[in-house]
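[1] Got a predicted structure here, sequence first:
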Amino acid sequence: GELLTIASTYADNTAKLLQYLPRIAGATSAVTVCAVALFLIDVPLGLVVLLVTPAVLLLLQLSAPRITERVGEQQRLVARATALATDLVSGLRPLRGVGAEGAAAARYRGASADALAAMIRLARMQGVFAFVATLLTSLLAAGVAITAGWFALRGWITVGDLITVLGLAQ
């Protein structure tokens with residue numbers, strides 16, 4: 001049971017990785033096109049995107065080891081609970097024979113509670129990560145838009161350039 005749970009979890013994670021690869025390629029292409037367009041409109045705006053975007057991504061990447069650790073812990077505890085459930089079901093008759101089904105069920109409840117607690121910790125961490133990622137990328141887009149607005153007010157870029165920058169910032 002434990003081996004099956006780990007194998008299916010790894011298969012799910014591999015499928016997720018294959019889903020993310022095209023997204024990464026698309027995001028990289030989008031940032032490149034936006035940076036080039038911003039360089040054509042105004043070099044400082046292009047530099048902001050080219051320098052700040054990788055900084056934001058590196059900042060977000062700092063949390064990856066902790067999230068990976070939590071995922072591993074959660075997988076280990078779910079696998080343990082699954083293995084206990086499998087053992088409990090397959091050995092129910094002998095357990096009843098010696099009157100130990102209550103102790104075995106209590107052991108499973110403890111393992112299940114540990115797995116649930118690990119899953120909740122992981123979900124909280126992923127929620128905080130999603131919030132921080134959204135906040136930082138929104139601040140980056142707002143910073144580019146505000147800078148472009150200031151440049152437009154100063155007459156350094158046209159209104160058309162401002163509209164283009166606002167579209168690109170999103």
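    Cool, got the structure.

[2] give the contact list for residue 18.
    With contact taken as CB atoms under 8 Å, 6 or more residues apart in numbering, residue 18 is in contact with no other residue. Using the backbone N, CA and C atoms, a C-beta is placed for each residue, glycine as well.

[3] mind checking how far it is from residue 81?
    28 Å (CB to CB, to the nearest Å).

[4] The residue of the chain positioned farthest from its centre: what's it in contact with?
    Among the C-alpha atoms of the chain, the one most distant from their mean position (CA atoms, centre = their mean) is that of residue 97, at 47.8 Å. With contacts taken as CB under 8 Å, 6+ apart, residue 97 has no neighbouring residues.

[5] Distance of it relative to residue 103?
    Noted for residue 97: a distance of 13 Å to residue 103, by CB to CB.

[6] same deal with residue 87?
    Look at residue 87 and residue 103: by CB to CB, they are 13 Å apart.

[7] out of the two, which sits in the busier spot?
    Between residue 87 and residue 103, counted using other CB atoms under 10 Å, the more crowded position is residue 87 (16 against 11).

[8] what's the helix or strand for the more buried one?
    Assigned by DSSP states H and E, residue 87 belongs to helix 64-90.

[9] Next SSE downstream of that helix?
    Beyond helix 64-90 toward the C-terminal end (DSSP H and E), the next one is helix 92-98.

[10] How far away from the center of its chain is that following helix?
    Between the mean C-alpha point of helix 92-98 and the mean C-alpha point of its chain there is a distance of 44 Å (CA atoms, centre = their mean, to the nearest Å).
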